[in-house]
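Peer 1: Just to be clear, the model below is a prediction. Sequence and coordinates:
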Amino acid sequence: MNKKGILLVNLGSPRSTEVNDVKEYLDEFLMDERVIDYRWIFRALLVQGVILKTRPPKSAEAYKTVWTDEGSPLIVITEKIRKKLQRVVDVPVEIGMRYAEPSIETGIQKLVDQGISEIVLFPLYPQYAMSTTETVIEKAEEVRKKKFPKVKINYIQPFYNRDIYINCLAESIKEKLPENFDALQFSYHGVPERHIYKTDPTKSCNLNDCCSREDNPSHQFCYRHQCYKTTQLVIEKLNLPKEKTIVSFQSRLGKDKWIEPYTDETLETIPKKGVKNLAIVCPAFVSDCLETLEEISVEGKEQFMHGGGETFQYIPCLNDEDRWIEVVKTLCEEKLNDFYLV
């Protein structure tokens, strides 16, 4: 009988806050054609000719503000998830990162070394995007075909609208919401608008009107729709009035049109519209990282307060909460069972 295992995959992180390590990480990350989707020569000119000559020192300073004694928050938290999950499942669990170490190849190798031939791979992204779920699956398939051709991989699909996830997220938010708040902001990682169209094989997506439709063929591939759907389901679960919630998108890069509204601009302007006491959550992430701990919790707070805000409450990601581990366990066991049906 084939042995089974689980590989949890997250984004990745530099090995340290040294500028050279940050530069190496950014090079691998930004040269991914599913992150910056220009032709190779133009991507190289932008990343290696411009970005890597200016950005690493600034990024290194940002990483220093969130780095822990144990290392990168993202990797530390993902390892905590692995350990907790390992206690409640009866198959080996390893982690891999899309960029840097431990890599996806390293994670698969650790499982193979334990005699595993069937792997459930879990991209830890609730919503589908070219620069997250898709690039993880493409990289894993590349590694599998090249290094582990006899290994079977079963991929967990985006879970942005699954009841078990929505219940878990809503309960976590509810526990951390301040008693008095004017609005709850859902800030998702941004992507260029063209990514939405590129990942739509149905060619039925129209960013002007289809995200809010009850059903559209593009929805299973549309990151923007999935972000709004997560928000809708959570606020229904929390019984919050829609007018007391905000959706925005953070972390844009370059001059291309990214999906709107932008988080930084929103944070600067909403105090003038009467939102003085803000709670904010980042449901595109399941683990706190630079984009939540520094960009939102620190920079975002500064932007909001500078715009006239009075109180700012960042609500942490699910991280290694026990209820989230139960969700991970359930989703993994569904795919483990699929192997028996093949």
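Peer 2: Cool, the structure landed. Numbering: from 1, shown residues only.
Peer 1: Tally up the residues packed near the residue nearest to V143 when sequence neighbours are not counted, please.
Peer 2: Excluding the flanking residues, the one nearest V143 by CB to CB, 6 or more residues apart in numbering is E105, at 4.7 Å. For the C-beta atoms, the positions are set from N, CA and C on the backbone; glycine is no exception. By the measure other CB atoms under 10 Å, the count of residues near E105 is 18.
Peer 1: try the one 10 residues further on
Peer 2: With neighbours defined by other CB under 10 Å, the count for G115 comes to 10.
Peer 1: so what's it up against?
Peer 2: K3 (CB atoms under 8 Å, 6 or more residues apart in numbering).
Peer 1: can you check T202 too?
Peer 2: 217-218, 221.
Peer 1: can you map out the strands along this protein?
Peer 2: 3-12, 93-99, 116-123, 152-155, 183-189, 245-250, 277-281, 311-315 (DSSP state E).
Peer 1: which residues of this structure score low on pLDDT?
Peer 2: Low-confidence segments of the chain, defined by pLDDT under 70: 1, 340-342.
Peer 1: That one: helices as residue ranges?
Peer 2: 19-30, 40-46, 52-66, 73-88, 104-112, 135-147, 163-176, 193-198, 223-238, 263-269, 290-293, 301-306, 322-341 (DSSP state H).
Peer 1: The most centrally placed residue in the chain and T199: what is the separation?
Peer 2: Taking CA atoms, centre = their mean, the centroid of the chain lies closest to F285, which sits 3.8 Å from it. Counting by CB to CB, to the nearest Å, the gap from F285 to T199 is 19 Å.
Peer 1: repeat for L331
Peer 2: Distance of L331 to T199, computed by CB to CB: 22 Å.
Peer 1: and what of F159?
Peer 2: 17 Å.
Peer 1: quick one, which of the two is more surrounded?
Peer 2: Higher neighbour count among F159 and T199: F159, with 24 against 21, using other CB under 10 Å.
Peer 1: The more buried one reaches L124, doesn't it?
Peer 2: No: the pair F159 / L124 is not scored as a contact, 9.9 Å apart, by CB atoms under 8 Å.
Peer 1: Please pick the buried ones from the contacts of T202.
Peer 2: 218, 221 (16 or more other CB atoms under 10 Å).
Peer 1: Specify which member of the contacts of T202 is nearest to A170.
Peer 2: When those are ranked by distance to A170 (CB to CB), F221 comes first, at 24.9 Å.
Peer 1: contacting residues for the closest one?
Peer 2: 128, 199-202, 205.
Peer 1: what's the span of stretch 184-203, first residue to last?
Peer 2: 33 Å (CA to CA, to the nearest Å).
Peer 1: And the furthest pair within the contacts of F221?
Peer 2: Maximum distance among the contacts of F221 (CB to CB): 13.3 Å, for Y128 and T202.
Peer 1: Need the contacts of F221 in TSV (columns: distance to T245).
Peer 2: As requested, the contacts of F221 are arranged in TSV below (distance: CB to CB, whole Å):
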residue	distance to T245
Y128	22
T199	26
D200	26
P201	31
T202	29
C205	24
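Peer 1: ok, back up a step: pretty sure the residue nearest to the centre of the chain contacts E291?
Peer 2: Yes: with contacts counted by CB under 8 Å, F285 reaches E291, the gap being 6.7 Å.
Peer 1: what do these two both touch?
Peer 2: Residues touching both F285 and E291 (CB under 8 Å, 6+ apart): H189.
Peer 1: gap between V136 and L336?
Peer 2: Distance of V136 to L336, given as CB to CB: 19 Å.
Peer 1: higher neighbour count, those two?
Peer 2: Shown here are V136 and L336; by other CB under 10 Å, V136 has more neighbours (24 against 19).
Peer 1: Please list all residues in contact with the spatially closest residue to the more buried one that is not a sequence neighbour.
Peer 2: Nearest residue to V136, sequence neighbours excluded (CB to CB, 6+ apart): P123, at 4.2 Å. Listed by CB under 8 Å, 6+ apart, the contact set of P123 reads 9, 132-133, 136-137, 155-156.
Peer 1: mind redoing it with 6 Å?
Peer 2: With contacts defined as CB atoms under 6 Å, 6 or more residues apart in numbering, P123 is in contact with 9, 133, 136.
Peer 1: any idea how far the residue nearest to V143 is from E141?
Peer 2: Counting by CB to CB, the gap from E105 to E141 is 12 Å.
Peer 1: E101 now?
Peer 2: Taking CB to CB, one finds E101 at 20 Å from E141.
Peer 1: T245 too?
Peer 2: Distance, T245 to E141, by CB to CB: 38 Å.
Peer 1: Can you give the distance of stretch 6-20 from its chain's centre?
Peer 2: 13 Å (CA atoms, centre = their mean, to the nearest Å).
Peer 1: Now stretch 327-339: buried residues?
Peer 2: 327-329, 331-333, 335-336.
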